[in-house]
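With the sequence up front, the predicted model follows.
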Amino acid sequence: MIRKTLSHVLSKVWDSKITSLRHSALFVNGAKATEQFVFLTPHIDFPERIQQRELLQKELIRRKANIELEKVESLWRFYEDLNAQKVEYIKRKDEVSRELGKLIKNDPDSDATKKLKIQSDLLKDNIKKLKVPLWSAEEAAMIEVLKLPNSLHSRTPDGSNKILYTHLNCPKNNKDHLKIGKELNIIDFKKNENYYLKGDAAIFELGAKFYFNRILRQNKFIQFSNPDFVKSLIVEGCGKDHTSSDSTFILHHDEDSKVNIDSRLHLTGGASLCSFLAYHAKNVLYPKAFPLKYFTMGRQYIPAPSDEDSLFHVSQSSVIEMFGMTKTATESDQLLDALIETLKELYSPLGYHFRLSAISSDKLLMWESHRVIVEMYSSSLQDYVEIANVSLSGDFISKRLLVTYVENKESKFPHIVSGTLLNVPKLLACVLEQDVDFSVPDLFKVHNW
């Protein structure tokens, strides 16, 4: 009977392609632990989420996510069944061991003692045979569960973006920022991966960062310094695909060395969400420190999403990135509202048209529950361009990367608010395409530094 059960397990493992190549740097179980260091084990809340299956299914539909919930459930149930079987074997083995211990003292050569020894050996053998299929089932289930997106926030609209605020009127012209930049000799653009800001454009870059720096400090934000490189598990922990060259810049090993796809370095830049999380991953925070409000000035590296030459698609940007954490969802909503007012305070004095919009559910990234963006109009694209953003992610990332705090002797997961408050290339491109001739805004000029 036991052999028949194990044969069925192995057959199902094969049919479900559980033995296929892994694609997770975040979850490492016993099968891979000998060849890959386990930095952390993510907190998996799937059992709680699946209790509200209808809500989860509706949110997947709202996101237009290409995920089969039935498949995820099936893999999870299979893993739980195998795990329960292992627990039952261990429980039975312990019971037999206790009985055997008593018999050996009193009657070591009896038939009952020999029978219990055989049962104990069989149970040990069954536990050993179940180990590999259980690891495979666990890995397959966890990988699919980790692909599930974050829960949606109640403020997130469906279908189309919701405009929250508009400042001034939309410009009307046919200007192109690269053409203007070349004529003014302030942009030397080779391609999306290679460009230079010169003269007034360079002053614009520095002035914009110093201006944002000053306002954020006035709003009680603390300046932070981050690494430019992060590990694969941080990238996946932040909800990105650590195996995709379209997601991050991946540092490859020498051609002669063996490459572990789940253990590489990624160039994200110090001004990125991943870099902030690299510092906070597997960290226990002091509860009285909340809310945390950080920002950093630096580079952000993202592979160019388009072959079209434009400052809107460059792979290296000077940005201001913010990162905040709160103890509750209510507090993170309050921080978001405060940031929206800060964005108005930052962009309104510049004298350019912009608007604030809430992104629709189908445009959110998998780790986001809600995103508010700052948009400016591009006359060359004849459309609005996202130049800044603030996102809510709840405790989704905290659970994946084990960021916790202890309150009333209980470990809890903080809620994260993050975003790029300034993207210099995108802002500069939109400013160059305004109705009036380009000049460095007074707030960005050297005398304000």
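Structure's in. What do you need?

Centre of the chain to the helix or strand hosting residue 77, how far?
According to DSSP states H and E, residue 77 maps onto helix 69-106. The chain centroid and the centroid of helix 69-106 are separated by 35 Å, computed with C-alpha atoms, centre = their mean, to the nearest Å.

Report all helices and strands that it contacts.
The contact analysis (3 or more C-beta pairs under 8 Å, 6 or more residues apart in numbering; DSSP states H and E) places helix 69-106 against helix 2-15, helix 53-63, helix 111-145. Yep, even glycine has a C-beta here, placed from its N, CA and C like the rest.

Among those, which comes closest to residue 101?
Closest to residue 101 of these is helix 111-145 (C-beta to C-beta; 9.6 Å).

what about residue 120, distance to residue 94?
10 Å (C-beta to C-beta, to the nearest Å).

and those two? which has more neighbours close in?
residue 120 (18 against 12; other C-beta atoms under 10 Å).

Local confidence estimate at that one?
The per-residue pLDDT reported for residue 120 equals 85.

ok, and the closest non-adjacent residue to it?
Nearest residue to residue 120, sequence neighbours excluded (C-beta to C-beta, 6 or more residues apart in numbering): residue 96, at 4.9 Å.

In terms of secondary structure, what does the helix or strand residue 387 falls within contact?
According to DSSP H and E, residue 387 maps onto strand 383-394. Judged by 3+ C-beta pairs under 8 Å, 6+ apart, strand 383-394 is in contact with helix 329-347, strand 370-378, strand 415-423, helix 424-432.

Listing partners with orientation, what would you give for the third one?
Each strand pairing with strand 415-423, determined using DSSP bridges, is listed with its direction: strand 316-326 (antiparallel), strand 383-394 (antiparallel).

In three-state terms, how would residue 356 be classified?
Following DSSP: H, G, I helix; E, B strand; the rest coil, the label given to residue 356 is strand.

377 is where my numbering starts, stick with that
All right, first residue 377 from here; so that's residue 732.

That one: neighbour count?
Neighbours of residue 732 (other C-beta under 10 Å): 20.

Which pLDDT does the model give it?
So residue 732 comes in at 98 (pLDDT).

wait, what's in contact with the residue nearest the centre of the chain?
What sits nearest the mean C-alpha location of the chain, by C-alpha atoms, centre = their mean, is residue 614, with 1.9 Å. Residue 614 makes contact with 649-650, 653, 743, 773, 776-777, according to C-beta atoms under 8 Å, 6 or more residues apart in numbering.

Now do the SS call for residue 728.
coil.

on that earlier part again, tell me how many other residues surround the residue nearest to residue 496.
Neighbours around residue 472, by other C-beta under 10 Å: 20.

wait, doesn't it sit right on residue 497?
No: with contacts counted by C-beta atoms under 8 Å, residue 472 stays clear of residue 497, the gap being 9.8 Å.

What's the local residue count around residue 802?
Residues lying near residue 802 (other C-beta under 10 Å) number 25.

With adjacent residues omitted, what lies nearest to it?
Excluding its sequence neighbours, the residue lying closest to residue 802 (C-beta to C-beta, 6+ apart) is residue 763, at 4.3 Å.

And the pLDDT at the one you found?
97.

cool, and the one 10 residues further on?
Model confidence at residue 773, given as pLDDT, is 98.

Also residue 508?
87.

Report the contact partners of the closest residue to residue 754 other than its chain neighbours.
Closest residue to residue 754 apart from its sequence neighbours, by C-beta to C-beta, 6+ apart: residue 761 at 4.8 Å. Residues in contact with residue 761 (C-beta under 8 Å, 6+ apart) are 688, 751-754, 802, 805-806.

Try it again at 6 Å.
By C-beta atoms under 6 Å, 6 or more residues apart in numbering, the residues touching residue 761 are 688, 752, 754, 802.

what's the closest of these to residue 538?
Nearest to residue 538 among those, with distances taken as C-beta to C-beta, is residue 752, at 17.6 Å.

what sits opposite that closest one in the beta ladder?
residue 761.
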